[in-house]
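**Student:** build me a model:
(chains A, B and C)
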Amino acid sequence: MLRVKDLVKRVDNVLLLRNINFEVEKGEVICIYGPNGSGKSTLLRIIAGLERADSGNVFFRGREITNISPWDVVESGLAYAFQIPRPFRSMTFHENLAVACMRYLEVEEAFDLAEKTAVEFGVGHLLKRSSDRLSQGEMKILEILRSYLTGAELLLLDEPFAGLDVENAGMLRERLHILKGKGVSMIITSHRKRILHEIAGRFIELKEGVLYAEGR
Amino acid sequence: MALLVSLNFRIGRFLNLSLGGLFAAGGYIAYFTPSPFVALIAGLIFGFLMALTISRICRSITEATILSLGAGILIERFLEMIHRSSYYYFVSFDYSPYLVVLGILAYLIIFAVYTSPYGLKMKFVESDHELAELYGVNTKRVFTVTTSLTSACAVLAGFFSSGLLAISPTTGFGYLLSGIMVSALTAQFRQIGAVHYLTLLAVSFASVRFLGVLI
Amino acid sequence: MRRIGRISMGHSFLFGFPVFAGAAGYTFSAELFIQLFLAGCVLSFLIFYLFSELTGRTAFVFLTLVFSIFVWVASPKLVFEKDGYLTGGEVGFSFPAITQSRLHITAILILVVIFVLYRYVEKSRIGYFMQAIGDDETSSRAVGINLRKTKALSVLLSCVPAWSAGLIYGFEFGHISPEIFSIEISVFPFIASLVGAGNPLLSVFSSFALVYLSKILNSIYPGLMGIVYSLILILSPKIGRWVYVKGKRLGEKG
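**Tutor:** Modelled structure (predicted):
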């Protein structure tokens, strides 16, 4: 489904990513783990089109998507969720979700789908709430659901558990299980491997921009 | 003008659009009361009041810039209202040699400040206001002093240039525009401290040489 | 443009440039008037779109304002010689004449059409996309909003009323001078929007109120309205926050 081939990223002559190679199959959930500064976020941002790769290729469903615009990446079926949630502050939870599916649905249909999805994921009670009055955990769920509602088949989740307490992390893990159950592929980054043990089917370690180990 | 725009932007964190009006006001002061002290005092008072208002009510660089634009228009309108019988004024004396003295003096002060122990603090203010405050710099005072002095310099520059100008309320806008352009061009070199102001001087001379008509 | 997070302080360029170019063309022929007016529309749109692509929120305010001042300072330099006479310069150019009653009806019709169009856009897909971009550009890109298209459309939506207003202004006064690019005209939309609490309908009413107030004050003492404008700008940070909170509450009640 996704193939990353010899990906290289440099910033000011420092190699952030060195010849990264890996593949993700349909329905697969993989965890990329490693210490801070290992290049996990950069890797996801390059796949999402938010940063440019210096060399190498990214293919999604056989089509090359290297260095194309982020909206074209979303159009091809990939979506990225930020580590620090970035909701649309002037909008409600409902509007935030609806905007994500307006690309392929009419306005009313988008609001209907957003409501249905929020109820399904157990956050229907938040629909009317303004996005700047959400807790950190609720914002993370909004961020991930918004990515899902873009119609993505593969979600790129950047450190979704960072900064969450045990209760909120549990709440988020439940939602990720629902997504997995729906057959959505995910690449999740984390600096701890243990937290994703139940969800991820495969683990990739990234250290100083080098892919170290790949295992189940 | 580029020096004044640059100082306000780098230290005061706003684009001071009242400098054009202040420059014109300097010309009017030369016409009515040919005393540079009046120009100096008027500039200092105006700059101080503006700095105080900005500190009190503005929360962002945009708000401060819009406020300074309002202040500039206020001066321009006031000048237009006080004397409407003819559009242009001319003065019979030429103070322009003092303009060079003012410029040299301004640069000397800047270099003296930046090479003194206080220079490091100024560099902190230029690069990061919050960090500067953490290191004990009174950024509010630095802002007030910079705004007051640059305002006074703008009025004095207008005063000393009056002999070369057809004085009107909008006289300063062309100079302000040139100052902003030169300042923006110099900012591309991404330097801080005294080096920045040296580059600014070089860019100003180059601009006058190559874009003389515009400047 | 405010919807995509950009505040223009140089709307006098959008308002004045097409008509100024058209008026310059009218010196030679009516055909050239139409051609240069249309070219002015395209050019002004492209310049503002380019500014919105190249700059962030703060730099956009500065750039549009500085650019409009530049045009204001440079426009009197445009002088033509026609049949041995010089036209242009500080005086400006004459504009085609039109029946005043017809002009006023057209102006009202244009206003109504623009208002209906804005209300429609606000609740449409593109309206939501604009709001999203205004909130967070990076986040908008991540949910697949095409930034270029949406920004271009937003700038175009901002240009249309400015072009129309400029044209009506030209027909009303029969003459266009470089003063059409003046700072007062540049900041007028900002002031009207500020007084109108950012609400499009209230902003239209506040525009009328400001023009009416301007006539009264300037008849008492010429230039008095300029003082009022400058005081509004000076107090805009304070007024802005207060008015927007009131405006928001008004909207919530409605």
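**Student:** every contact and neighbour count from this point should use C-alpha atoms.
**Tutor:** OK.
**Student:** ok, and the helix or strand in chain A with the lowest average confidence?
**Tutor:** strand A:210-215 (a mean of 70; mean pLDDT, DSSP states H and E).
**Student:** is stretch C:191-203 anywhere near chain B?
**Tutor:** No - using C-alpha under 8 Å from any C-alpha of the partner chain, stretch C:191-203 never reaches chain B; the gap is at least 10.9 Å.
**Student:** got a list of what A:Ala169 touches?
**Tutor:** The contact partners of A:Ala169, by C-alpha atoms under 8 Å, 6 or more residues apart in numbering or on different chains, come to A:Gly137, A:Phe161.
**Student:** residue ranges with poor pLDDT in the chain?
**Tutor:** In the absence of a named chain, chain A is used. For chain A, the stretches with pLDDT under 70 are A:213-216.
**Student:** please refer instead to chain C.
**Tutor:** Scanning chain C for pLDDT under 70 picks out the ranges C:1-6, C:198, C:241-254.
**Student:** buried residues in the helix ranked longest in it?
**Tutor:** When chain C is parsed with DSSP state H, its longest helix is helix C:147-173. The neighbour-count check on helix C:147-173 (16 or more other C-alpha atoms under 10 Å in any protein chain shown) flags C:147, C:150-172 as buried.
**Student:** close to chain C: what parts of chain A are there?
**Tutor:** When proximity is defined by C-alpha under 8 Å from any C-alpha, chain A lies next to chain C at A:48, A:50, A:70-75, A:79-81, A:86-90, A:99-100, A:102-103, A:106-107, A:146-147, A:150.
**Student:** quick one: which of those sit in strands?
**Tutor:** Applying DSSP state E to the residues of chain A next to chain C, the entries found in strands are A:Ala79, A:Tyr80, A:Ala81.
**Student:** neighbours around the closest residue to chain A within chain B, how many?
**Tutor:** Ranked by C-alpha to the nearest C-alpha, the top residue of chain B for proximity to chain A is B:Arg190, at 16.3 Å. By the criterion of other C-alpha atoms under 10 Å in any protein chain shown, B:Arg190 has 7 neighbours.
**Student:** can you put the ones in strands among the residues of chain A next to chain C in TSV and add neighbour count and distance to B:Ala184?
**Tutor:** Shown next, in TSV, are these (neighbours: other C-alpha atoms under 10 Å in any protein chain shown; distance: C-alpha to C-alpha, whole Å):
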residue	neighbour count	distance to B:Ala184
A:Ala79	32	38
A:Tyr80	33	36
A:Ala81	29	36
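**Student:** nearest to chain B among those?
**Tutor:** Closest to chain B, out of all of these and judged by C-alpha to the nearest C-alpha, is A:Ala81, at 29.4 Å.
**Student:** which residue packs closest to the closest one, ignoring adjacent ones?
**Tutor:** With sequence-adjacent residues excluded and distances taken as C-alpha to C-alpha, 6 or more residues apart in numbering or on different chains, A:Ala81 is closest to A:Leu157, at 5.0 Å.
**Student:** that neighbour and A:Ile144 touch, don't they?
**Tutor:** Yes - in this structure, A:Leu157 is within contact of A:Ile144 by C-alpha atoms under 8 Å, at 7.4 Å.
**Student:** hey, what's in contact with both of those two?
**Tutor:** Shared contacts of A:Leu157 and A:Ile144, defined by C-alpha under 8 Å, 6+ apart, are found at A:Ala81.
**Student:** which one's more surrounded, the two?
**Tutor:** When A:Leu157 and A:Ile144 are compared for neighbours, A:Ile144 comes out ahead with 26 against 23, by other C-alpha under 10 Å.
**Student:** which residues touch the more buried one?
**Tutor:** Contacts of A:Ile144 (C-alpha under 8 Å, 6+ apart): A:Ala81, A:Leu157.
**Student:** and C:Phe20, by the same measure?
**Tutor:** Counted by C-alpha under 8 Å, 6+ apart, C:Phe20 has contacts C:Phe37, C:Phe93, C:Ile176, C:Ser177, C:Pro178.
**Student:** among those, which are in helices?
**Tutor:** Judged by DSSP H, helices contain the following of the contacts of C:Phe20: C:Phe37.
**Student:** as a markdown table, the contacts of C:Phe20 with neighbour count and distance to A:Asp132 would be great.
**Tutor:** A markdown table is the format used below for these (neighbours: other C-alpha under 10 Å; distance: C-alpha to C-alpha, whole Å):
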| residue | neighbour count | distance to A:Asp132 |
| --- | --- | --- |
| C:Phe37 | 24 | 45 |
| C:Phe93 | 24 | 52 |
| C:Ile176 | 24 | 48 |
| C:Ser177 | 21 | 48 |
| C:Pro178 | 23 | 46 |
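**Student:** out of the contacts of C:Phe20, who's nearest chain A?
**Tutor:** Looking across those and measuring by C-alpha to the nearest C-alpha, the closest to chain A is C:Phe37, at 34.8 Å.
**Student:** count the neighbours of the closest residue to chain C within chain A for me.
**Tutor:** At 3.9 Å from chain C, A:Trp71 is the closest residue in chain A, using C-alpha to the nearest C-alpha. Using other C-alpha under 10 Å, A:Trp71 has 22 other residues around it.
**Student:** quick one: residues contacting the closest residue to chain A within the stretch 101-250 of chain C.
**Tutor:** Across the stretch 101-250 of chain C, the shortest distance to chain A (C-alpha to the nearest C-alpha) belongs to C:Gly144, at 3.9 Å. C:Gly144 sits next to A:Pro70, A:Trp71, A:Asp72, A:Val73, A:Val74, A:Glu75, A:Ala100, A:Arg103, A:Thr150 when contact means C-alpha under 8 Å, 6+ apart.
**Student:** nearest residue to the first one other than its sequence neighbours?
**Tutor:** Right, the one you point to is A:Pro70. A:Gly49 (4.5 Å).
**Student:** on that earlier part again, right, and the residue of chain A closest to chain C touches C:Asn146 too?
**Tutor:** Yes - counting by C-alpha under 8 Å, A:Trp71 does reach C:Asn146; the two are 5.6 Å apart.
**Student:** B:Met81 contacts C:Pro222, doesn't it?
**Tutor:** Yes - when contacts are counted by C-alpha under 8 Å, B:Met81 is listed as touching C:Pro222 (7.3 Å).
**Student:** ok, now how distant is the residue of chain A found nearest chain B from A:Arg45?
**Tutor:** At 16.3 Å from chain B, A:Asp12 is the closest residue in chain A, using C-alpha to the nearest C-alpha. Using C-alpha to C-alpha, to the nearest Å, we find A:Asp12 at a distance of 18 Å from A:Arg45.
**Student:** okay, these two: which has more neighbours?
**Tutor:** Using other C-alpha under 10 Å, the more surrounded residue of A:Asp12 and A:Arg45 is A:Arg45, with 21 against 6.
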